[in-house]
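K.L.:
got a predicted structure plus its sequence, pasted below:
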Amino acid sequence: MNEHAGAVPQETPLTGTVMAFRAHEARAGAVGEVHARPYPLIETPRHLIQLAFMTEGGSTVDHAVLSELSRRLGMAPPDRQARHHAMPWARGTLRWERHTEFSTYLWDGPPPAAGGRDENPFGNGFSAPGLVISGARLMIMPWNAENEALIQAFDPASLCHSLVENGMAAAVTDFCQDGNGLTRILVLDRGLAPARIGALAQRLIEVETYRTLAMLGLPLAQSLSPRMRRIEDRLALITSQMRSTAERRNQDMLAELTELAAELEADAAASLYRFGASRAYHGIVEERLAALGEEPAPGGETWSAFLERRVAPAMRTCRSVEERQANLSRKLARAATLLRTWVDVEVEQGNRDLLASMNRRAKMQLRLQQTVEGLSVAAVSYYVVGLIGYLAKGAAPFGLAVKPEALTAALVVPVVAGVWWTVRRIRRTHGEGGE
């Protein structure tokens with residue numbers, strides 16, 4: 001039998017090749033992601049404190065904080081591209097992790113001595129990278145009668161007491177904050193392995209962190225609700241006016257609808273990320289609670305049942321506001337489309353009336369032109385006949401056989417016809433040139 005059979009292969013660093021073949025540039029990140037957040041190995045008893053800071057400025061502020069802490073310890077700071085880091089700090093270990101819009105600092109160390117002051121690892125020497133959004137204090141203690149008495153310190157009105165890890169541990173909290181603003185969590189351990197204790201502690205702290213972040217969408221939803229109600233009321237008034245022909249002011253109503261739609265879209269764009277983040281955070285909370293495998297302790301309520309009653313309504317409110325925004329946007333679009341159709345019809349009617357008016361003017365101009373043509377034919381004929389008459393009178397002394405009056409009278413009709421034909425020809429020539 002091979003002595004190496006069944007042996008665990010040694011971990012090798014990720015390189016740019018796999019069996020001498022060139023690897024994809026994103027392979028290292030994809031393969032290493034499953035190892036990016038290992039559960040800490042924790043032994044009972046232990047004291048954990050985690051603070052979550054909103055760091056919209058990115059990882060630059062976190063890197064500055066960690067660099068200062070590393071300098072104090074004489075250690076190399078983490079890489080600027082790193083998203084997690086661990087270092088010894090205040091008789092324990094400080095673990096930093098960067099998330100999308102926040103970062104967490106988790107310290108675990110020995111529990112405070114009986115009657116002694118609680119350890120404050122975030123005291124002197126630690127600079128906050130942003131505003132605190134969540135804080136949790138988790139005590140992991142052996143499960144015995146003495147430590148069971150610690151449950152009495154929690155508020156019975158919101159007490160959550162669950163058996164987890166197949167009854168090998170109990171998770172207790174009331175989701176209330178102590179004097180330092182930290183949510184108190186107690187874990188009673190019956191002999192779990194350090195890896196399982198670490199996994200349990202991380203899940204419990206993440207439930208507190210992500211349920212707080214998920215609730216950030218509720219104040220925004222509450223502030224948007226009356227504004228949407230005002231838009232809905234205005235839309236109802238406009239649509240009622242659209243039904244009345246006497247009160248219909250299409251251009252004014254279309255302008256107001258466009259303004260309401262712009263206001264709604266601005267609110268929807270501003271709330272898009274927060275509502276999406278709340279859904280994602282709530283999904284993480286549900287996943288962590290499902291992973292706990294809770295069983296209710298005698299006389300206690302599970303974490304899942306408590307949060308279902310308290311957090312789920314807030315998430316439904318956020319979803320309701322999102323759906324109202326989408327429905328209201330569609331209604332505004334339909335109303336604007338209908339009004340725009342009416343405005344187009346009005347414009348077409350105006351164009352029709354304008355064309356009819358232009359047609360009437362053209363007919364009047366034609367009649368006037370015909371009248372002027374008739375007058376011009378008569379006038380030109382008169383002058384031509386007059387000139388012929390003068391020529392005839394002037395030619396009489398030279399032996400003209402026809403009397404000037406008779407010649408003038410005889411040429412009136414041909415002259416008029418010739419002038420009329422000439423004017424028509426000129427008009428026809430101008431018309432063909434215009435075409």
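P.N.:
Arrived safely.
K.L.:
tell me who's in contact with the nearest residue to residue 157 once chain neighbours are set aside.
P.N.:
Excluding the flanking residues, the one nearest residue 157 by C-beta to C-beta, 6 or more residues apart in numbering is residue 174, at 7.7 Å. Just so you know, the C-beta spots here come from the backbone N, C-alpha and C atoms, and that holds for glycine as well. Residue 174 sits next to 154, 155, 157, 158, 159, 160, 184 when contact means C-beta atoms under 8 Å, 6 or more residues apart in numbering.
K.L.:
shouldn't residue 50 be within a helix?
P.N.:
No - counting by DSSP: H, G, I helix; E, B strand; the rest coil, residue 50 is located in no helix; its state is strand.
K.L.:
low pLDDT regions in the stretch 201-350 of the chain?
P.N.:
Applying pLDDT under 70 to the stretch 201-350 of the chain picks out residues 245-248.
K.L.:
how many other residues sit next to residue 366?
P.N.:
As a burial measure, residue 366 scores 10 neighbours (other C-beta atoms under 10 Å).
K.L.:
just the element for it, please.
P.N.:
helix 312-395 (DSSP states H and E).
K.L.:
do the same with residue 300
P.N.:
Going by DSSP H and E, residue 300 is not in any helix or strand.
K.L.:
how about residue 39?
P.N.:
With DSSP H and E as the test, residue 39 turns up in no helix or strand.
K.L.:
next, give phi and psi for it.
P.N.:
phi -70, psi 140 (degrees, to the nearest 10).
K.L.:
list the residues that contact it.
P.N.:
195, 198, 199, 202.
K.L.:
go through those residues and flag which are in helices.
P.N.:
Residues of the contacts of residue 39 located in helices (DSSP state H): 195, 198, 199, 202.
K.L.:
just the buried residues of those residues.
P.N.:
Neighbour counting with 16 or more other C-beta atoms under 10 Å marks 198, 199, 202 as buried within the ones in helices among the contacts of residue 39.
K.L.:
circling back: tell me the one of the contacts of residue 174 nearest residue 94?
P.N.:
Closest to residue 94 out of these is residue 184 (20.7 Å), distances taken as C-beta to C-beta.
K.L.:
checking the closest one next. Helix, strand or coil?
P.N.:
Per three-state DSSP, residue 184 ends up strand.
K.L.:
make sure it is actually in contact with residue 176.
P.N.:
Yes - between residue 184 and residue 176 there is a contact under C-beta atoms under 8 Å: 6.7 Å.
K.L.:
common neighbours of the two, please.
P.N.:
residue 154.
K.L.:
who has more neighbours, those two?
P.N.:
Taking other C-beta under 10 Å, residue 184 and residue 176 do not tie; residue 184 has more neighbours (20 against 13).
K.L.:
residue contacts, the more buried one?
P.N.:
Going by C-beta under 8 Å, 6+ apart, residue 184 touches 137, 139, 153, 154, 173, 174, 176, 177, 178.
K.L.:
quick one: contacts for the residue nearest to residue 234 when sequence neighbours are not counted?
P.N.:
Counting by C-beta to C-beta, 6+ apart, the nearest residue to residue 234 once its immediate chain neighbours are dropped is residue 260, at 5.9 Å. Taking C-beta under 8 Å, 6+ apart as the criterion, residue 260 is in contact with 231, 234, 235, 332.
K.L.:
between the residues you listed, which is nearest residue 215?
P.N.:
residue 231 (25.4 Å).
K.L.:
the closest one touches residue 266, doesn't it?
P.N.:
No - counting by C-beta under 8 Å, residue 231 does not reach residue 266; the two are 11.4 Å apart.
K.L.:
compare these two and say which is more crowded by neighbours.
P.N.:
Neighbour comparison, residue 231 and residue 266: the larger count goes to residue 231, with 22 against 10 (by other C-beta under 10 Å).
K.L.:
and the more buried one, which of the three is it?
P.N.:
helix.
K.L.:
can you tell me how far it sits from residue 373?
P.N.:
Separation of residue 231 from residue 373 (C-beta to C-beta, to the nearest Å) stands at 65 Å.
K.L.:
which residues are in contact with residue 297?
P.N.:
Residue 297 touches 161, 162, 163, 170, counting by C-beta under 8 Å, 6+ apart.
K.L.:
is the last one bridged to anything, and to what?
P.N.:
Beta bridges link residue 170 to residue 163, residue 188 when assigned by DSSP bridges.
K.L.:
and for it, the neighbour number?
P.N.:
22.
K.L.:
and if you look at the first one?
P.N.:
Neighbourhood size, residue 161 [other C-beta under 10 Å]: 22.
K.L.:
no more questions from me, cheers.
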